[in-house]
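J.: my questions are about this predicted structure, shown below with the sequence.
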Amino acid sequence: MLPQERLEQIIQLVKKDGKVMVKDLSVRFDVTEDCIRKDLKGLELQGYLKRTYGGAVDIRNAHTEKNLELRIGKDAEHKMAIATKAYDTIMNRDMIFLDISTTNLLLARCIAQGPKQITVVTNMLDILNTLVHVSNCTVICCGGKLSESLHGFVGSAAIETIKNYHFDKAFIGSVGISLPTQTVSTFDMEDGIMKKTIMDHSQEVYLMLENKKFYTEGNYKFASLNQVDHIISEKMPEDEILTLLDELQIQIH
């Protein structure tokens, strides 16, 4: 097979599957992994894809919608699986923080339907509305500046409120992580600063992460992976990712 034919097939695979892995392409085309990496680098420069840890993703999937309304309902089955796992980690009498995240909204619905006596602190309007009539749940809003696009509170007033608490567990949403730089990112700077503050005041940090987000990044890096205690995903990631998480002593659920 000519190199150009291989490149064209890689482009089609990325469009079809949303992502490709170096090791899979190496076997498929019977070339070295180094050869595939060079192919992906060239295709990235031409704007066909975005390289990620161990592979590449469709350039259209490298930018998640910034508006919360547009994200609600996407990947609902995966997010519900993550929310259910997260609920199982919560103990009676825990004080938890649910930040701005559609997966955390599903977690709030699990809390509303369950018997656990807990305190929930949040900066997300939709979570407040979900828990407002739940008698077994004490709900605290951190207040601050209301962001229309995020459907929640951000800014200095919200940050100062968070600093007054110590949370047993914080459940944090993100746009994705960068495995090469071992960082966690989002799109909005103020949202990122909020997330970092919440993490700093939590005993345990749970990153709520659909499997595909191991291969995506936002614009604002708000934390290092070594500040994360747990990652909850709908399924186990690939072996090389599991190895890295094990080295960082991050428990995967």
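T.: Here it is on my side, so go on. None of the values given here were measured: they were computed from a predicted structure. Residues are numbered from 1 along each chain as shown.

J.: low-confidence ranges in the stretch 51-200 of the chain?
T.: For the stretch 51-200 of the chain, residues meeting the criterion pLDDT under 70 lie at 59-74.

J.: if you set the cut-off to 90 instead, what comes out?
T.: Applying pLDDT under 90 to the stretch 51-200 of the chain picks out residues 51-77, 143, 147-151, 175-176, 178-181, 187-188.

J.: what about the closest residue to residue 192 other than its chain neighbours, neighbour count?
T.: Distance criterion CB to CB, 6 or more residues apart in numbering; nearest residue to residue 192, sequence neighbours excluded, is residue 222 at 3.4 Å. Where C-beta positions appear, they are placed from N, C-alpha and C, glycine not excepted. A count of nearby residues for residue 222, using other CB atoms under 10 Å, gives 24.

J.: so which helix or strand takes in residue 222?
T.: Counting by DSSP states H and E, the element that carries residue 222 is strand 220-224.

J.: and the next helix or strand past that strand?
T.: Sequence order places strand 230-232 as the next helix or strand after strand 220-224, per DSSP H and E.

J.: list of residues touching the helix or strand just after that following strand?
T.: Following strand 230-232 in sequence order, the next helix or strand is helix 239-247 (DSSP H and E). The contact list for helix 239-247 (CB atoms under 8 Å, 6 or more residues apart in numbering) reads 53, 54, 179, 182, 214, 231, 236, 237, 252.

J.: what about the following helix or strand past helix 239-247, average pLDDT?
T.: Using DSSP H and E, the next helix or strand after helix 239-247 towards the C-terminus is strand 251-252. For strand 251-252, mean pLDDT is 95.
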